[in-house]
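This is the structure alone, sequence omitted:
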């Protein structure tokens, strides 16, 4: 384990977070929100001290960097980001309890959107901005951002190990030969889509502050809003804009790169994209038919159905209506969408459509092997043979996914909430969605859970965002041994 190389990189991660607190601090200064100013200044001072100490201690280091180092480094980065990122809320008194502040910040960085706040409109605007910005920074990944802007360094596999550990999906590839350029391209596309989202929201009459914060939540597929009713109080135009952009941010970003290269056929033939859009359209149609008696017009019915399918499947977590009041069939579809999630290589969470596709193809192959045991069977996606290692990783991921969900459900069940509440809470946090059903539905929050349950759900959010294995490696004793 190359501790000094990890410490050097962690110091840079902390420096990035400290710099990104400056806009929130300036907003608080402009609006004379002195409690928030105190919180940001203290948090920035503590972060600078820790980051500076790490940088000083880790100046000279061997640049060898192994795969396990990348996994541990990524996990530690997200834990440290969350701890330091929650300090403005806690020190300012906006969220008086540290575990609650940590839960809110982990939810922000992991783009989950689960909240412990009973209402957000009383929170100072500087803190609201920081709360929403954690979504945007966590959506594409702070390490991907650092790889995009930092001078090239590190030994063989340095950037690849980091990008593999943080990027969502069963397999991580390069858009261009160099990983640094790949990270830069991803962030350029991410920024352009975010700016475009802000423009469309401004055209709908949103204020600049609300447009930016809403775009942060949409781009990161996070779901933190600046109003208590989320998106319900905005116009149908705003809701439709959010629906479209949530779906766009749930698409694999490599598709946008192919569009820039005018490889339209490759995008259209992408099996994961077609599955993603097919599930979204099919689910919206089924829900619209099921809830047609709840709303006065067809337009409103379709709008709410499409919005909730988009927000749940992309794991964003915004809401335009209380879907906990919908019929069981519609709620069942939403629970299914929580598990499926968005595309690999997007800012969305869940299993990812790529894994679902591979798991179904693997199941079909196993059935065919029973019928034709001597026939060689390979799995292809987009006319390419899938490596058996990728399939093994998918199966291992599914096993870990189920085990963690069961264990988390058992632990939080100690708090005495209903089975529906606890199951949806675990699914919503582990898949980085936010609102669940019943006591954690779109009009409720997670504040009533115990400290233990909040910590368990926080770990679930981190594990879900980092695709499980980095967190498991962080908790493994063997990963910390040098041999």
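Noted; the coordinates are in hand. Here the structure is a predicted model, which means the values were calculated and not measured.

Where in the chain is the helix or strand with the lowest mean pLDDT?
Every helix and strand of the chain was ranked by mean pLDDT, DSSP states H and E. The lowest is helix 158-166, at a mean of 51.

Spit out the contact partners of the spatially most central residue of the chain.
The residue lying closest to the centre of the chain (Cα atoms, centre = their mean) is residue 111, at 3.8 Å. Applying Cβ atoms under 8 Å, 6 or more residues apart in numbering to residue 111 gives the contacts 135, 138-139, 220-223, 315-316, 347, 349, 432, 465. Heads up, the C-betas are built off the backbone N, CA and C, glycines and all.

what ranges do the strands span in the stretch 251-400 of the chain?
Under the criterion DSSP state E, counting those that start in this stretch, the stretch 251-400 of the chain contains strands at 380-381, 384-385.

Pick the most deeply packed of these.
Highest mean neighbour count among the strands of the stretch 251-400 of the chain (mean count of other Cβ atoms under 10 Å): strand 380-381, with a mean of 14.

Count the residues that sit near residue 21.
As a burial measure, residue 21 scores 22 neighbours (other Cβ atoms under 10 Å).

And the strand or helix carrying it, what's buried?
For residue 21, the host element (DSSP states H and E) is helix 3-30. For helix 3-30, the neighbour count (16 or more other Cβ atoms under 10 Å) marks 4-18, 20-21, 24-25, 27-28 as buried.

Give the rounded mean pLDDT of it.
Average pLDDT, helix 3-30: 89.

Kindly report the same for stretch 358-377.
Taken as a whole, stretch 358-377 has a mean pLDDT of 85.

And for stretch 185-195?
For stretch 185-195, the mean pLDDT works out to 89.

buried ones in that stretch?
185, 186, 187, 189, 190, 193, 194.

Checking the fifth one next. Helix, strand or coil?
Yep, that's residue 190 we're talking about. helix (DSSP: H, G, I helix; E, B strand; the rest coil).

What separation is there between it and residue 281?
As judged by Cβ to Cβ, to the nearest Å, residue 190 and residue 281 stand 25 Å apart.

Check the second one too.
Counting by Cβ to Cβ, the gap between residue 186 and residue 281 amounts to 27 Å.

so how far is stretch 355-374 off the chain centroid?
30 Å (Cα atoms, centre = their mean, to the nearest Å).

And stretch 284-296, by the same measure?
Put simply, stretch 284-296 sits 28 Å off its chain's centre (Cα atoms, centre = their mean).

Repeat that for stretch 213-230.
13 Å.

Tell me how far the residue of the chain positioned farthest from its centre lies from residue 368.
Ranked by distance from the centre of the chain (Cα atoms, centre = their mean), the top residue is residue 374, with 42.8 Å. Separation of residue 374 from residue 368 (Cβ to Cβ) stands at 11 Å.

Any buried residues in stretch 346-360, and which?
Here stretch 346-360 shows 346-359 as buried, counting by 16+ other Cβ under 10 Å.

what's the straight distance from one end of it to the other?
Using Cα to Cα, to the nearest Å, the end-to-end distance of stretch 346-360 comes to 21 Å.

go on, stretch 101-117?
Distance across stretch 101-117, first residue to last, is 10 Å (Cα to Cα).

returning to what we had before: make JSON lines from the buried residues of stretch 185-195 and add distance to residue 426 and secondary structure to it.
JSON lines is the format used below for the buried residues of stretch 185-195 (distance: Cβ to Cβ, whole Å; DSSP: H, G, I helix; E, B strand; the rest coil):
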{"residue": "185", "distance to residue 426": "35", "secondary structure": "helix"}
{"residue": "186", "distance to residue 426": "30", "secondary structure": "helix"}
{"residue": "187", "distance to residue 426": "32", "secondary structure": "helix"}
{"residue": "189", "distance to residue 426": "32", "secondary structure": "helix"}
{"residue": "190", "distance to residue 426": "29", "secondary structure": "helix"}
{"residue": "193", "distance to residue 426": "30", "secondary structure": "helix"}
{"residue": "194", "distance to residue 426": "30", "secondary structure": "helix"}
